[in-house]
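# Kindly return the folded structure for what I paste below:
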Amino acid sequence: MQSKAIESSQYPAERRLAITRVIDEQTRASVAELSQKLSVSEVTIRKDLALLEMEGSLLRTHGGAVTAGRRRAELAFEVRARLHKTEKSLIGAEAAHLVEDGDSIALDASSTALQIARHLKARRELTVVTNGIRVATELAGQPSITVLMPGGAVRWEAFSLVGKWGSMMLRQLNIQKAFVGAVGFTLEEGLTDVNAEEAELKKAMVLSAKDVIGVFDHTKWNRVAMATFCPTDRLHIVISDDRAPAQAVAAARALGVDVRLVGSR
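Prediction:
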């Protein structure tokens, strides 16, 4: 830990770089501590922390922040849930229209899947298979909905369960509809994720489902992450928002993917 106060930077970018260095070095720091070290107000520090969290450089906590860890490509669940929240809510509502009473469906651990879950509470005799802890918690109190979770290790960045046990369980099921989010989507690589374990479990969901519905906002189009879990020819429907790139949408439709865009503007 540095004992001397860091001089206040003239430029906000320099100050935020200093904040990330302190938190990376110590793994955590309070707002009061950073305010003292950088000789700026706590209000300024809070604004800086909010911006740095949105960039994925750190994670805010009550009264401070902690390091985002080595997986900086993965925004923590709480951060992702706040990104494009309006679009995700609209996508979730549209996706929920595809779910009927008596269905058996799969929801992954994505923040968009959580929005779908919030629109399913009126369904009856519904079975939901999910590796998402937040998704399961959202639906667990509904008497007419059965929630099944595969086993596995907890991946805190996504509040999900991953591992061979979960994949083995999913491959034994017959699911009518699987709703899966993605970090990226291109026609060549299909739906992709940054985490290999997450991708492996999603792949098992896709293989077990009769229909596969991709649910993701406009920022995921024309992006490729490390691991493919669903090729484009396995996709039946894509639900996204109306800011999705028109050329990519047209190309997907030309390949037979039913692309549905919801309004957010």
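# going forward, measure contacts between C-alpha atoms and count neighbours the same way
Fine.
# And the host helix or strand of residue 15, what's buried?
In this assignment (DSSP states H and E), residue 15 forms part of helix 12-26. Burial within helix 12-26, assessed by neighbour count using 16 or more other Cα atoms under 10 Å, is assigned to 15-16, 18-20, 22-24.
# Between the residues you listed, which sits nearest residue 204?
Using Cα to Cα, residue 24 comes nearest to residue 204 of these, at 36.0 Å.
# Which residue comes closest to the closest one once chain neighbours are left out?
Spatially, and ignoring its direct neighbours in sequence, residue 24 is nearest to residue 67 (5.6 Å; Cα to Cα, 6 or more residues apart in numbering).
# picking that back up, does the helix holding residue 15 pack against any helices or strands, and if so which?
strand 64-67 (3 or more Cα pairs under 8 Å, 6 or more residues apart in numbering; DSSP states H and E).
# for the strand it packs on, the distance to its chain's centre please.
Chain-centre distance of strand 64-67: 20 Å, with Cα atoms, centre = their mean, to the nearest Å.
# so what strands line up beside that strand?
Strand 64-67 sits in its sheet next to strand 28-30 (antiparallel), strand 58-61 (antiparallel), going by DSSP bridges.
# which of these is buried the deepest?
Highest mean neighbour count of the strands paired with strand 64-67: strand 58-61, a mean of 22 (counted as mean count of other Cα atoms under 10 Å).
# Centre of the chain to that one, how far?
17 Å.
# Go ahead and confirm residue 131 touches residue 154.
No: with contact defined as Cα atoms under 8 Å, residue 131 does not reach residue 154; the gap is 9.4 Å.
# So the two - more neighbours on which side?
The residue with more neighbours, out of residue 131 and residue 154, is residue 131; 31 against 15, by other Cα atoms under 10 Å.
# check contacts around that one.
107-109, 149-150, 160-162, 166 (Cα atoms under 8 Å, 6 or more residues apart in numbering).
# can you give me phi and psi for it?
phi -100, psi 10 (degrees, to the nearest 10).
# do residue 230 as well
When read as degrees, to the nearest 10, the backbone of residue 230 gives phi -150, psi 110.
# Just give me the closest of the buried residues of helix 12-26 to residue 56.
Distance to residue 56 across the buried residues of helix 12-26 (Cα to Cα) is lowest for residue 20, with 10.8 Å.
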